[in-house]
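Chemist: below is the structure, and that's it, no one-letter string:
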């Protein structure tokens with residue numbers, strides 16, 4: 001549950017060094033992130049081939065069990081924060097009575113701890129709010145109707161096959177016409193030979 005603290009807005013009640021710690025932790029995570037995530041190109045909303053997988057896509061698809069587990073963990077974190085705050089409240093009240101007008105030893109550390117817990121609670125609430133922006137859906141089956149991109153590819157392949165068949169038939173027709181022409185020429189030559197033979201005495 002460390003990562004939610006990275007999205008905390010700076011607060012006037014936070015400790016002086018808390019903002020620096022948050023930025024440092026964020027930089028560490030960014031340095032460990034894959035190169036494609038740090039320098040990712042412009043996000044894409046649609047794909048041209050009809051597929052869903054896209055490393056630059058705008059959407060993330062996950063399993064409902066993982067989503068449910070994440071929501072339960074956030075709720076458990078919120079409950080733990082409430083429990084810790086309830087345990088700290090008597091200590092804070094006691095230190096407030098002891099300090100009166102002067103700063104008691106350890107009072108500053110308790111205030112910083114309480115401030116950090118409040119910030120963590122705020123982050124968990126923001127995370128829970130973000131989860132409400134997701135909705136359930138069912139992915140199309142691979143056995144289902146073809147997607148527009150796949151349909152275009154199938155039609156193009158069929159068109160190429162038809163063109164190949166037409167070309168083959170044209171070549172066959174041309175070859176048949178040439179053989180017929182040759183046969184007619186041979187027939188004429190034979191007829192002329194017979195006529196010439198009949199004219200001879």
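Modeler: Noted; the coordinates are in hand. Everything numeric in this text was worked out from a predicted model, so none of it was measured.

Chemist: which residues in the protein form helices?
Modeler: Using DSSP state H, the helices of the chain run over 18-32, 35-38, 64-99, 107-131, 148-199.

Chemist: so which of those helices is the most packed in?
Modeler: Looking across those with neighbours counted as mean count of other Cβ atoms under 10 Å, the highest average goes to helix 107-131: a mean of 16. C-beta: built from backbone N, CA, C; applies to glycine.

Chemist: let me know the angle separating it from helix 64-99.
Modeler: Orientation of helix 107-131 against helix 64-99 (axes from the mean of the first three to the mean of the last three Cα atoms, to 10 degrees) gives an angle of 160 degrees.

Chemist: name the helices or strands packed onto helix 107-131?
Modeler: Counting contacts by 3 or more Cβ pairs under 8 Å, 6 or more residues apart in numbering; DSSP states H and E, helix 107-131 is packed against helix 18-32, helix 64-99.

Chemist: rank the ones you listed by pLDDT, which is bottom?
Modeler: Of all the helices and strands packed on helix 107-131, the minimum mean pLDDT falls on helix 18-32 (a mean of 37).

Chemist: residue 117 and residue 87 touch, don't they?
Modeler: No - contact criterion Cβ atoms under 8 Å: residue 117 and residue 87 do not qualify, at 10.2 Å.

Chemist: on that earlier part again, select, out of the helices of the chain, the one closest to residue 139.
Modeler: helix 64-99 (11.5 Å; Cβ to Cβ).

Chemist: before we move on, back to that, the helices of the chain: which one's closest to residue 56?
Modeler: Relative to residue 56, the nearest member of those by Cβ to Cβ is helix 35-38, separated by 8.7 Å.

Chemist: and that closest one, average pLDDT?
Modeler: Rounded mean pLDDT across helix 35-38 is 47.

Chemist: first vs last residue of stretch 130-138, how far apart are they?
Modeler: 21 Å (Cα to Cα, to the nearest Å).

Chemist: for it, buried residues please.
Modeler: Going by neighbour count (16 or more other Cβ atoms under 10 Å), nothing in stretch 130-138 comes out as buried.

Chemist: quote the end-to-end distance of stretch 136-154.
Modeler: Using Cα to Cα, the distance between the terminal residues of stretch 136-154 is 31 Å.

Chemist: re earlier: as a markdown table, the helices of the chain with distance to residue 56 would be great.
Modeler: Below are these laid out as a markdown table (distance: least, Cβ to Cβ, whole Å):
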| stretch | distance to residue 56 |
| --- | --- |
| helix 18-32 | 18 |
| helix 35-38 | 9 |
| helix 64-99 | 22 |
| helix 107-131 | 21 |
| helix 148-199 | 17 |
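
Chemist: so which of the ones you listed is nearest residue 138?
Modeler: Of all the helices of the chain, helix 64-99 comes closest under Cβ to Cβ, at 10.3 Å.

Chemist: output the lowest mean pLDDT helix or strand found in the protein.
Modeler: Least confident element among the helices and strands of the chain, by mean pLDDT, DSSP states H and E: helix 18-32 (a mean of 37).

Chemist: roughly how far does residue 130 sit from residue 73?
Modeler: For residue 130, the distance to residue 73 (Cβ to Cβ, to the nearest Å) stands at 14 Å.
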